[in-house]
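Participant: after the sequence you'll find the predicted model.
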Amino acid sequence: MPGSSKDTWGGFGFQGGANGASRAPFSPVSYTNFVLHFSSVMKNVTITLDEKVARWARIRAAEEDTSVSRLVGEMLRDKMLDDNAYETSMRAYLAQSPRELKKKGQTYPDREELHDRHSLR
C-alpha cells in the first residue's frame, strides 16, 4: 500500500523503518538456467541385428539410461572420431622426413642388433 511503512517498488519489497525511514529495496533470489540448443539434422536409419546382439544392446542401453538408437548412434560417432584421429596421425607420421638407418660407409644393422634388449635379460 503506497504511503504505508511497507510499500512495494517495481515488484521488489520495500521495507519501511522507524519514523518513516526506509531501507534499500530487497529482491527475491532468482536463478536463471541457460539452455544451449544445437541445430543438427538427425537421420533415421533402420538396422538389422542378430537377436543376441539386439538383447545386449537393449540391456546396455538400459544400464546407461538411454535408448538403443542413441547407444548405437554414440558408438558409430566414437568409431568415426577414432578413424579420423587415426587418419590424421597417419598423415602426420608420413609427412615426416625419412630417417637414416645407417651412415655412409656403414652396413645396415642386422636383426640381432635391432632387437637387442639388454634390460630384458
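Facilitator: Arrived safely, thanks for sending. Residues are numbered from 1 along each chain as shown.
Participant: could you pull out the strands for the protein?
Facilitator: With strands called from DSSP state E, the chain shows them at 6-9, 12-15.
Participant: for the last one, give the mean pLDDT please.
Facilitator: For strand 12-15, the per-residue pLDDT values average out at 49.
Participant: who touches residue 111 in this structure?
Facilitator: Counting by Cβ atoms under 8 Å, 6 or more residues apart in numbering, residue 111 makes contact with nothing. All C-beta spots, glycine's among them, are computed from the backbone N, C-alpha and C.
Participant: okay, it: pLDDT?
Facilitator: 84.
Participant: try residue 68
Facilitator: For residue 68, the pLDDT comes out at 95.
Participant: could you number the chain from 486 rather than 1 from now on?
Facilitator: Done: numbering now begins at 486, and the last item shifts to residue 553.
Participant: wait, doesn't it sit right on residue 546?
Facilitator: Yes. Contact criterion Cβ atoms under 8 Å: residue 553 and residue 546 qualify, at 4.7 Å.
Participant: run a quick neighbour tally on the residue lying closest to residue 587 once chain neighbours are set aside.
Facilitator: Leaving aside its chain neighbours, residue 587 sits nearest to residue 593 (5.4 Å; criterion: Cβ to Cβ, 6 or more residues apart in numbering). If you count neighbours by other Cβ atoms under 10 Å, residue 593 ends up with 8.
Participant: helices of this protein, start to end?
Facilitator: 536-548, 553-579, 596-599 (DSSP state H).
Participant: name the residues of the second one that are buried.
Facilitator: By neighbour count with 16 or more other Cβ atoms under 10 Å, helix 553-579 contains the buried residues 553, 556, 557.
Participant: ok and it relative to helix 536-548, angle-wise?
Facilitator: Counting by axes from the mean of the first three to the mean of the last three Cα atoms, to 10 degrees, helix 553-579 lies at 90 degrees to helix 536-548.
Participant: thanks again, I'm all set now.
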